[in-house]
Every structure is written in C-alpha cells, then in structure tokens.
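Enquirer: Here's a sequence, model it:
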Amino acid sequence: MTPPLAFFAVFFAYPVASIVGRGLHQGGRWRLGPIGDVLGDASVRHVLWFTCWQAAASTALTLALALPGAYVFARLEFPGKRLLRAVVTVPFVLPTVVAGTAFLALLGRGGFTDDLLGFRLDTSVWAILVAHVFFNYAVVVRTVGGLWAQLDPRQEEAARMLGAGRFAAWRRVTLPALGPSVAAAALMVFLFTFTSFGVIQILGGPTYSTLEVEIYRQTAELLDLPTAAVLTLLQLAAVAGILAVHAWTVRRREATLRLVDAARTAHRPRGGERVLLATVLGVVALLILLPLGVLVARSLDGPGGYGFTYYRALASSDASGGTFLVAPLETVWNSLRYAAVATVVALLIGGLAAAALVRGAGRLVRGFDALLMLPLGTSAVTVGFGFLITLDKPPLDLRDSWLLVPLAQALVGVPFVIRVMLPVLRAVDHRLREAAAVLGASPARVWREVELPFVGRALGIAAGFAFAVSLGEFGATVFIARPDSPTLPVAVARLLGRAGAANYGQAMALSTILMLVCAASLLILENLRTGADSSGEF
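Expert: Model (predicted):
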C-alpha cells in the first residue's frame, strides 16, 4: 500500500488541498462563511440536482445499450470482431470538445435531425445523454465483457439442464457472477458523467450546467477561488458518498468464480443471437460510427472541395496562425510518448494497490480503495491548477519537466487499473495460492504460475484503458502542457478556440488522426492476443 499512498499524497491530495486552502484560507485565517453562502444559493442547488440527475440517467441508458454489446463481444464470433472492438473504444479517448462538436453537427442546425426530422436536438438534455453514451459505451463493453468472456458457460448450461429457462439461468447464475464487474462499470460511467464538462458546454448551452462547468466558470472566468473551493469540496463529498455505496455493493457480491480461457467460450451466433448481433451492430453504427464519420467528413471538406488540404497544413506551425510553437503534427508523437509513460506508471501503482486490496480487509483497506478512486470524481480544473502552484519548488519542481504531463495522466489511469483488476483478482480461488505455497513455491512464483494466467487478460484490459485515458486526457493537461510540446487534445482545443475555417478544419484533421492512431493501437493489441495464454480486451 505504501507506493500508491505516496503517489496519491504527492500528486493528488497535496495539489487539491492547496487549491482549496487558497480559496478558504485568507488573511492568515480560515474563512468558512463562503460555504454557507454557496450552499444557500438556489442556483447552486439546481446545478447539483441536474448534475446528479443527468449522471444517473446517462448511466442507466449506457448500461441498457451496452450490456447487450458486452455479451456480443464476449460470447459471439463474427467477421470483423477485433476491428469493431477497437472502433467502439475510439470515442473514449477523443477530447470531449471534439465529440461535442461532432454531435452538434449531427443534432444542431443543418444536422441530421434538422434536415430529416425538422427539429434540432442540441441544447437539450437528450443530446447530452446520447453523447454520454457515445463516450462510455466502451467502458461497459470492455469492463463487463472482459469478465463475461471468462465465465464458464457450463454453469449456466447445467442450470438449464436442471429445468431453468434461458432468462432464469442467466439471472440466477451469470448475473450474480457479473455483479462486481457491472457495478465497477456503472461507477466509472457515473463518475465520468457526473464530472462532465465539454459535452455540457457545447450541447447543453446556457440552460444546463454541471458542477464541473460551474467550477471552471468560477475559476477561469470569474476568478472566484472561494466559491470554486466550496464547489470542489461539494464534488469530493458527493463522490466519496458514491464510492462508499459502491464499496458496500461490491462487498455483498464478492464470490469465487470459475474462470476459463475466453477462446473456449465464444461461438457462432445461433437462433435469437443473430437478431441480438444485428441489433448491437445497428446501435454501434448509429451511436458511434456516424459521429466518427462526421469528424472524417469535416476534416476532408476543404475550401476547394474534398481533399487533404487541412492535413498538409498540419506539417507547418505557420499554418495555425501562431497557435503553436511547433508543427501541430508533432503533437501526435508527444501524445504517444506521454501516454506510454503514463500507462507504465498506472499499471505499477494500480497493480500494487489492487494486490493490497485483495489481500487486506477492514475499514482501513476499504478507505484506501475509496481514496484511490477520488481522482475520477475530482475537477480536472482543480487538479491542473493544483499542479501549477504546488509542484514548483525543490525537490518537486516539475514545472519545466515533461514528466509532469504523464504523471497527471497516470493519476486518472490508476483507478481504471484498480477497478478492472479487482473483480478478477477476487475471483481467483485463494486455495490455489495456498496449495502452491504448501508445495514450496515462493510468493513471486505463486504470482507468476497461479495468478498471472488468470489475471493476464485483466492486465491487458487495464493497460488498454490506462493508455486510452492518457491519450485523450484534456482537463488537467491543458494547464500543464508546455507550449513547445502540447498534446493532441490540447492542440485540438486550441485550434477550435480560434476563429476561421482553416483552424476548424485542422482541428478536425487532428481529431481524425487521434481516432486513427487509437484504432490502430487497439487493433495491434487485438492481433497480439493469440493462444490460450493471450490476454487483454485491448
């Protein structure tokens, strides 16, 4: 537990506490008056209510649409499965501002609904909910599908042989086994939608605002640090309550599962499974492929017609009108380098934390689990500003170091590693470890020969999620990325923030490159997953 605790104390607790302290500690004393003022504001209560309501609705809608997809990707074999698995993960790494713009083109003036149905869906809650499903579809498919593919189907078959119907067998055998994984996926989706920023800003208009949007407005636009500090504390308290409920749910559903090689559980669709497969493919086409297609179309729609004008402009820093000190195309290499380092850090810290959580018990360990999840529910604006004002003195003067960006990205990647690893680690029968130890195996050999074959797949899932999150992280990176080495999402946001068709076209071109790089990376990892010992949904 020591390395994860030290990592979170230095790179999370210290920066966030410093920001809150600057807002509430003024004139040499603590001022608690702003807390009552903010909590008594009716507009703040409305923001909190909408934040919770839209997060719950987005989570329910995502689970309803994505759980059938989790089954299809886990248990069915069909042509193009690996490619499609990579494609459904692409939205998860796109900057929210880019995806929001794509949905605005689909649902706004002159968009899909405006042209065909005669009305617009932007600036409505439905646009927000659909965009959230677009982002989080892969979270459910990957997290739940990873465990579902390794569940022994003979247990459900045995229930059916004893007279249970198909639905009853699934409800009484498979669903309880999937409970911790579904709960983990639901938690991640809720936290992402609870702290939604880019989607709300673009699609919600002035009508809708979440806590994250309000924190950004109070900090960056109004420079009201006391109000921003109170809202940050409010967000942290809400997230802590969510994590407490989640930990209680997981403890009630923990069980030892019989896990098998995923290659043995997949089969060709038969009977009603063909209809289910067609339905899932239709949902993926409308929900994911259509918005991504809009990005590609916008990137090719140049001043002289369709072509690669905007892509060629990315090779020169002059084409962006002084927006960058380097050519925008160099941001691709920066993002890949940062994401790779962040993934290694996240796997190391998250793997140690998951191992500690599995072997420990009691309130201390449960509190440790909740602490490690807090970065997912903390304002990225708060973390970014916190990095700037705290990591500026020896021995932690990292303002001029390129390591600052991957450290911030790893902070968000660690919770993914933990949540993906825990269900599988807890499913390993502890008697297997004890038997190996009795036969003389060292702890390292027990891990290598007993646990690793079971958790190898989960390690692949965790690495893929950590890499994806790091590649598309924007909230904190925008404050700490150096001008001479911006990341791809930061470059896209800067281009979108400047007027002119050329900047917009280059932003869409960079977004398309980010989409293709992600899809190619995930597809390569899919092709590496061969043989009985292969692992990783990614």
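Enquirer: need the strands for the protein, in chain order.
Expert: Taking DSSP state E, the strands of the chain run over residues 25-26, 29-30, 301-302, 305-306.
Enquirer: Note down every partner strand of the last one and its orientation.
Expert: Here strand 305-306 is paired, per DSSP bridges, with strand 301-302 (antiparallel).
Enquirer: who touches the partner strand?
Expert: Strand 301-302 is contacted from outside by 308-310, 505, using C-beta atoms under 8 Å, 6 or more residues apart in numbering. For every residue, glycine as well, the C-beta is placed using N, CA and C.
Enquirer: As a check, name the ranges of all helices in the stretch 51-200 of the chain.
Expert: With helices called from DSSP state H, counting those that start in this stretch, the stretch 51-200 of the chain shows them at 81-93, 96-107, 112-116, 125-148, 153-161, 166-169, 175-194, 198-199.
Enquirer: tell me what the shortest one is packed against?
Expert: Counting contacts by 3 or more C-beta pairs under 8 Å, 6 or more residues apart in numbering; DSSP states H and E, the secondary-structure elements packed against helix 198-199 are helix 96-107, helix 125-148.
Enquirer: could you give the mean pLDDT of the last one?
Expert: Averaging pLDDT along helix 125-148 yields 86.
Enquirer: Mind listing what's buried along that helix?
Expert: 125, 127-148 (16 or more other C-beta atoms under 10 Å).
Enquirer: just how off-centre is that helix within its chain?
Expert: Computed by C-alpha atoms, centre = their mean, to the nearest Å, the chain-centroid distance of helix 125-148 equals 10 Å.
Enquirer: could you give the angle of that helix to helix 175-194?
Expert: With axes from the mean of the first three to the mean of the last three C-alpha atoms, to 10 degrees as the basis, helix 125-148 and helix 175-194 are set at 140 degrees to each other.
Enquirer: what are the C-alpha coordinates of helix 125-148, in PDB please?
Expert: Provided in PDB are the C-alpha atoms of helix 125-148 (Å, rounded to 0.1, in the frame of the first residue of the first chain):
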ATOM      1  CA  VAL A 125     -30.900  17.000 -22.300                       C
ATOM      2  CA  TRP A 126     -31.300  14.200 -24.900                       C
ATOM      3  CA  ALA A 127     -28.300  15.400 -26.800                       C
ATOM      4  CA  ILE A 128     -26.300  15.300 -23.600                       C
ATOM      5  CA  LEU A 129     -27.500  11.800 -22.700                       C
ATOM      6  CA  VAL A 130     -26.700  10.400 -26.200                       C
ATOM      7  CA  ALA A 131     -23.300  12.000 -26.200                       C
ATOM      8  CA  HIS A 132     -22.500  10.500 -22.800                       C
ATOM      9  CA  VAL A 133     -23.500   7.000 -24.100                       C
ATOM     10  CA  PHE A 134     -21.200   7.600 -27.100                       C
ATOM     11  CA  PHE A 135     -18.300   8.200 -24.700                       C
ATOM     12  CA  ASN A 136     -19.000   5.500 -22.200                       C
ATOM     13  CA  TYR A 137     -20.200   2.600 -24.400                       C
ATOM     14  CA  ALA A 138     -16.700   1.100 -24.400                       C
ATOM     15  CA  VAL A 139     -16.500   1.300 -20.600                       C
ATOM     16  CA  VAL A 140     -19.300  -1.200 -20.100                       C
ATOM     17  CA  VAL A 141     -18.400  -3.400 -23.100                       C
ATOM     18  CA  ARG A 142     -14.700  -3.700 -22.000                       C
ATOM     19  CA  THR A 143     -15.200  -4.000 -18.300                       C
ATOM     20  CA  VAL A 144     -18.200  -6.300 -18.200                       C
ATOM     21  CA  GLY A 145     -17.300  -8.200 -21.400                       C
ATOM     22  CA  GLY A 146     -13.800  -8.900 -20.100                       C
ATOM     23  CA  LEU A 147     -15.100 -11.000 -17.200                       C
ATOM     24  CA  TRP A 148     -18.100 -12.300 -19.100                       C
END
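Enquirer: one step back: quickly, which of the strands of the chain bottoms out on average pLDDT?
Expert: Among the strands of the chain, strand 25-26 scores lowest, at a mean of 62.
Enquirer: Now for this protein, the helix or strand with the poorest mean pLDDT.
Expert: helix 112-116 (a mean of 56; mean pLDDT, DSSP states H and E).
Enquirer: Verify the stated contact: Ile389 with Ile19.
Expert: Yes - under the criterion of C-beta atoms under 8 Å, Ile389 makes contact with Ile19 at 7.2 Å.
Enquirer: hmm, back to that, quick check: of the contacts of strand 301-302, which has the highest neighbour count?
Expert: Tyr310 (26 neighbours; other C-beta atoms under 10 Å).
Enquirer: which residue sits closest to that one, ignoring its sequence neighbours?
Expert: Using C-beta to C-beta, 6 or more residues apart in numbering and skipping residues adjacent in sequence, the residue nearest Tyr310 is Gly505, 3.8 Å away.
Enquirer: do the same with Ser209
Expert: Per C-beta to C-beta, 6+ apart, closest to Ser209 is Val47, 5.2 Å.
Enquirer: do you know how far the one you found is from Leu516?
Expert: Separation of Val47 from Leu516 (C-beta to C-beta, to the nearest Å) stands at 37 Å.
Enquirer: so where's the stretch 401-538 of the chain shaky on pLDDT?
Expert: With pLDDT under 70 as the threshold, the stretch 401-538 of the chain has low-confidence stretches at 521-538.
Enquirer: who's in contact with the residue positioned nearest the centre of the chain?
Expert: Taking C-alpha atoms, centre = their mean as the criterion, Val469 is the residue nearest the geometric centre of the chain, at 5.5 Å. Listed by C-beta under 8 Å, 6+ apart, the contact set of Val469 reads 92-93, 409, 412-413, 416.
Enquirer: which of the residues you listed lies closest to Ile35?
Expert: Val412 (27.4 Å; C-beta to C-beta).
Enquirer: how many neighbours does the closest one have?
Expert: By other C-beta under 10 Å, neighbour count at Val412 equals 23.
Enquirer: Quick check: it vs Asn334, distance?
Expert: Taking C-beta to C-beta, one finds Val412 at 18 Å from Asn334.
Enquirer: any weak-confidence spans in the stretch 251-400 of the chain?
Expert: 251-263, 317-325, 360-363, 365-366, 377.
Enquirer: residue boundaries of the helices in it?
Expert: Remark: helices assigned in the stretch 251-400 of the chain by DSSP H, counting those that start in this stretch are 272-284, 290-300, 309-313, 330-359, 363-377, 380-390.
Enquirer: hmm, back to that, is it possible to export the helices of the stretch 51-200 of the chain to JSON lines including distance to Gly464?
Expert: Shown next, in JSON lines, are the helices of the stretch 51-200 of the chain (distance: least, C-beta to C-beta, whole Å):
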{"stretch": "helix 81-93", "distance to Gly464": "7"}
{"stretch": "helix 96-107", "distance to Gly464": "19"}
{"stretch": "helix 112-116", "distance to Gly464": "31"}
{"stretch": "helix 125-148", "distance to Gly464": "7"}
{"stretch": "helix 153-161", "distance to Gly464": "24"}
{"stretch": "helix 166-169", "distance to Gly464": "31"}
{"stretch": "helix 175-194", "distance to Gly464": "14"}
{"stretch": "helix 198-199", "distance to Gly464": "22"}
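Enquirer: Which of those helices sits closest to Pro4?
Expert: Closest approach to Pro4 among these (C-beta to C-beta): helix 175-194, 17.8 Å.
Enquirer: what packs against the closest one?
Expert: helix 42-75, helix 125-148, helix 225-253, helix 363-377, helix 404-427.
Enquirer: Redo those as TSV? Include distance to Arg498.
Expert: As requested, the helices and strands packed on helix 175-194 are exported to TSV (distance: least, C-beta to C-beta, whole Å):
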stretch	distance to Arg498
helix 42-75	29
helix 125-148	23
helix 225-253	26
helix 363-377	31
helix 404-427	22
